[in-house]
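Asks: curious how this folds, go ahead:
(one chain, ligands or ions: 2)
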Amino acid sequence: MKIALLGYGRMGQTIEKIAISRGHDVVLKIDKDDNDYDITLADVAIDFSLPSAAFGNITNCLNNNVPVVSGTTGWLDNYDKAVALCKEKNGGFIYASNFSLGVNIFFELNKTLAKMMSNLNQYNVTMEEIHHTKKLDAPSGTAITLAEGVIDNNNNYDDWKLDESDKSTRIPIVAKRIEDVPGTHTVNYESEVDSINIEHVAHNRQGFALGAVVAAEWLVGKAGVFSMNDVLNIG
Ligand SMILES: NC(=O)c1ccc[n+]([C@@H]2O[C@H](COP(=O)([O-])OP(=O)(O)OC[C@H]3O[C@@H](n4cnc5c(N)ncnc54)[C@H](O)[C@@H]3O)[C@@H](O)[C@H]2O)c1
Ligand SMILES: O=C(O)C1=N[C@H](C(=O)O)CCC1
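Replies: Ligands and ions are numbered 1, 2, ... in the order given. Reported below is the predicted structural model:
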């Protein structure tokens, strides 16, 4: 498979190694200021760029009939427009806030726990995410997906808020930035008598990168807007 990497930073470089180890050719490595390239050289594109760049990269792929996998976070104000364009062009598109197998299992665990806690008003939920200091967005895309998983499955919450909540129906998300941390997410239910915590700790970026390559392999030849649940057949 011929792969275009849109964004050649920490994730782009990790994805390149995994793609090559799985027998793929990386035919384009696009980074900032690379404006003049032919995306149709690739069978599929993998975008891990910047919040400000992702939507432009995705629309370029869809307008040129190149299926695209995006892991960039912080651009979701434009997600519905990307979905509409994908449908209009009969293209292929997958966005996931987190491509790792472990986090996608964790997302399902979070939804199940949220359902179990829905009638237990003595517990309040909070979330914490920890990432490296170079991360541009907060809260992380993964933390937002976790919060949405609780909101959709628990009657006590209707929104989330970064840092302290000023309203009991808003899930407070605390975002911490610590040198070199690849990604830790904790969901905590707290009552007066006890705490229940579920946590996912990424040890490195390999899980995110492998998931993105597996998603790209799966997407080629398909038309539609998909999620990692489709790729992994879970949920
Ligand atoms: N979904 C996931 O599983 C997952 C995992 C890790 C990171 N991420 C997200 O992926 C994104 C990238 O993370 P990273 O750690 O590799 O960041 P990074 O800063 O190391 O890399 C981003 C690269 O994009 C480049 N870039 C800037 N403008 C561009 C453009 N127009 N086209 C292409 N590239 C451009 C930058 O120069 C940089 O090299 C972030 O949004 C991050 O939150 C998602
Ligand atoms: O390193 C990052 O940046 C990460 N971003 C994603 C997010 O925002 O959830 C996934 C984890 C790593």
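
Asks: only C-alpha atoms for contact and neighbour calcs from this point on.
Replies: OK.

Asks: before we move on, what SS does the residue most central in space within the chain have?
Replies: By CA atoms, centre = their mean, the mean C-alpha position of the chain lies nearest to Ser97, the distance being 1.0 Å. Three-state call for Ser97 (DSSP: H, G, I helix; E, B strand; the rest coil): coil.

Asks: would you confirm that it contacts Gly71?
Replies: Yes. The pair formed by Ser97 and Gly71 meets the contact definition of CA atoms under 8 Å, at 5.9 Å.

Asks: how about the contacts made by Ala138?
Replies: Residues in contact with Ala138 (CA atoms under 8 Å, 6 or more residues apart in numbering) are Leu162, Ala175.

Asks: now the longest helix seen in the chain: buried residues?
Replies: Using DSSP state H to define each element, the chain has its longest helix at helix 101-116. For helix 101-116, the neighbour count (16 or more other CA atoms under 10 Å) marks Leu101, Val103, Asn104, Phe106, Phe107, Glu108, Leu109, Asn110, Lys111, Leu113, Ala114, Lys115 as buried.

Asks: quick one: distance of it to the chain centre.
Replies: Here the centre of helix 101-116 is set off from its chain's centre by 15 Å, with CA atoms, centre = their mean, to the nearest Å.

Asks: before we move on, what about stretch 102-117?
Replies: What separates the centre of stretch 102-117 from the centre of its chain is 16 Å, taken as CA atoms, centre = their mean.

Asks: could you do stretch 170-182 as well?
Replies: Distance, centroid of stretch 170-182 to centroid of chain: 15 Å (CA atoms, centre = their mean).

Asks: any idea of the mean pLDDT in it?
Replies: For stretch 170-182, the mean pLDDT works out to 97.

Asks: tell me who's in contact with Leu50.
Replies: Gly7, Thr72, Thr73.

Asks: got a pLDDT number for the last one?
Replies: What it means is Thr73. 98.

Asks: what's the answer for the first one, then?
Replies: Among the per-residue scores, Gly7 holds a pLDDT of 98.

Asks: SS state for Val27?
Replies: Val27 - assigned by three-state DSSP - is strand.

Asks: next one: phi and psi at the residue nearest to the centre of the chain?
Replies: Dihedral pair for Ser97: phi -70, psi -20, per degrees, to the nearest 10.

Asks: neighbours of Cys61, how many?
Replies: 27 (other CA atoms under 10 Å).

Asks: count of neighbours near Lys17?
Replies: 15.

Asks: now name the helix or strand holding it.
Replies: helix 10-21 (DSSP states H and E).

Asks: show me what counts as buried in stretch 69-82.
Replies: Applying a neighbour-count criterion of 16+ other CA under 10 Å, one finds Val69, Ser70, Gly71, Thr72, Thr73, Gly74, Leu76, Ala82 buried in stretch 69-82.

Asks: got those as JSON lines, with distance to Val214 and secondary structure columns?
Replies: Formatted as JSON lines, the buried residues of stretch 69-82 follow (distance: CA to CA, whole Å; DSSP: H, G, I helix; E, B strand; the rest coil):
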{"residue": "Val69", "distance to Val214": "10", "secondary structure": "strand"}
{"residue": "Ser70", "distance to Val214": "13", "secondary structure": "strand"}
{"residue": "Gly71", "distance to Val214": "13", "secondary structure": "coil"}
{"residue": "Thr72", "distance to Val214": "16", "secondary structure": "coil"}
{"residue": "Thr73", "distance to Val214": "19", "secondary structure": "coil"}
{"residue": "Gly74", "distance to Val214": "22", "secondary structure": "coil"}
{"residue": "Leu76", "distance to Val214": "22", "secondary structure": "helix"}
{"residue": "Ala82", "distance to Val214": "21", "secondary structure": "helix"}
